[in-house]
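Student: could you look at this predicted model? Sequence included:
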Amino acid sequence: MLQIRKSNERGHANHGWLNTYHTFSFSTYHDPKHMGFRSLRVMNEDWVAPGQGFGTHPHQDMEIVTYVLEGALEHKDSMGNGEVLRPGEFQRMSAGTGITHSEFNPSDTEPVHLYQIWLFPDQKGLKPSYEQKRFPESERHNRLRLVASPTAEDGSLQIHQNARIYLGQLDQGSRILQQFASGRHGWLQVLRGSVSVNGHSLQTSDGAAVSDESELAIQATENAEIMLFDLP
């Protein structure tokens with residue numbers, strides 16, 4: 001069963017410096033029907049204006065994954081990390097017992113377009129930690145590249161949840177089959193382009209919750225980039 005979450009049904013706020021869309025309830029947007037899916041709690045698509053950003057703020061007991069589609073995002077945190085995240089790179093921050101961080105668009109002219117994703121950790125009170133890694137386009141071209149997993153397998157980032165995150169960049173007409181073990185669930189997010197998934201059409205920024213499906217057949221109806229979550 002697939003439950004489609006169309007992009008134009010999401011929560012939305014435009015603060016001038018930040019144009020943001022919320023797949024699930026977040027901040028001032030609240031919809032009791034969309035509080036998350038399984039261990040996936042937040043799926044925000046953000047555009048941050050040049051020279052603007054999120055000031056220093058705290059997090060606790062959450063796995064936070066960030067992916068930049070266009071532009072650059074500068075990260076600083078209370079652990080002493082200071083990195084710039086660019087397209088093709090993933091960032092994972094385990095907030096654990098508590099962390100503060102800021103995110104800033106260092107460009108004077110270009111906005112930054114990103115996804116920020118939160119997952120519940122499998123346990124509370126973890127020691128805070130941070131990782132960032134680039135995944136070359138060649139490793140995700142017309143295939144799903146594992147980018148995050150609980151065991152850091154295949155060079156992926158380690159998340160503290162029994163979930164796996166995949167990234168794929170598909171040429172028009174290419175087709176991918178993804179198996180789901182019994183009792184597992186999925187979330188597919190179309191980052192750009194359009195795909196057909198088990199007979200359902202998804203466009204840019206659409207998402208789909210997947211339950212009671214042993215296999216997903218994903219075909220790009222135009223050039224597309226997708227993110228797929230395998231969830232408990």
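Tutor: Yep, that arrived.

Student: please report phi then psi for G193.
Tutor: Main-chain dihedrals, G193, degrees, to the nearest 10: phi 80, psi -160.

Student: after the helix or strand containing E103, next one along is what?
Tutor: E103 is located in strand 99-104, with elements delineated by DSSP states H and E. Sequence order places strand 112-119 as the next helix or strand after strand 99-104, per DSSP H and E.

Student: report all helices and strands that that next one contacts.
Tutor: strand 40-48, strand 63-70 (3 or more Cβ pairs under 8 Å, 6 or more residues apart in numbering; DSSP states H and E). C-beta: built from backbone N, CA, C; applies to glycine.

Student: for the residue nearest the centre of the chain, which non-adjacent residue is spatially closest?
Tutor: Centroid check for the chain by Cα atoms, centre = their mean gives I117 as the closest residue, at 4.5 Å. Once flanking residues are discounted, I117 sits nearest to V65: 4.4 Å by Cβ to Cβ, 6 or more residues apart in numbering.

Student: repeat for W187
Tutor: Nearest non-adjacent residue to W187, counting by Cβ to Cβ, 6+ apart: F229, 4.2 Å away.

Student: residue contacts, the one you found?
Tutor: By Cβ atoms under 8 Å, 6 or more residues apart in numbering, the contact list for F229 reads L40, A163, R164, I165, Y166, G186, W187, L188, Q189.

Student: tabulate these (JSON lines), appending distance to E74, pLDDT and secondary structure.
Tutor: Listed next are the contacts of F229 as JSON lines, based on distance: Cβ to Cβ, whole Å; pLDDT from 0 to 100; DSSP: H, G, I helix; E, B strand; the rest coil:
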{"residue": "L40", "distance to E74": "26", "pLDDT": "98", "secondary structure": "strand"}
{"residue": "A163", "distance to E74": "27", "pLDDT": "97", "secondary structure": "coil"}
{"residue": "R164", "distance to E74": "28", "pLDDT": "98", "secondary structure": "strand"}
{"residue": "I165", "distance to E74": "23", "pLDDT": "98", "secondary structure": "strand"}
{"residue": "Y166", "distance to E74": "26", "pLDDT": "98", "secondary structure": "strand"}
{"residue": "G186", "distance to E74": "32", "pLDDT": "97", "secondary structure": "strand"}
{"residue": "W187", "distance to E74": "28", "pLDDT": "98", "secondary structure": "strand"}
{"residue": "L188", "distance to E74": "29", "pLDDT": "98", "secondary structure": "strand"}
{"residue": "Q189", "distance to E74": "24", "pLDDT": "98", "secondary structure": "strand"}
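
Student: just among the residues you listed, which is most surrounded?
Tutor: I165 (28 neighbours; other Cβ atoms under 10 Å).

Student: for that one, give its distance to M43.
Tutor: Look at I165 and M43: by Cβ to Cβ, to the nearest Å, they are 12 Å apart.

Student: for stretch 45-52, buried residues please.
Tutor: E45, D46, W47, V48, A49, Q52 (16 or more other Cβ atoms under 10 Å).

Student: ok so, going back, now distance to K133 too, for the contacts of F229, in TSV please.
Tutor: As requested, the contacts of F229 are exported to TSV (distance: Cβ to Cβ, whole Å):
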residue	distance to K133
L40	21
A163	17
R164	15
I165	12
Y166	14
G186	23
W187	21
L188	22
Q189	19
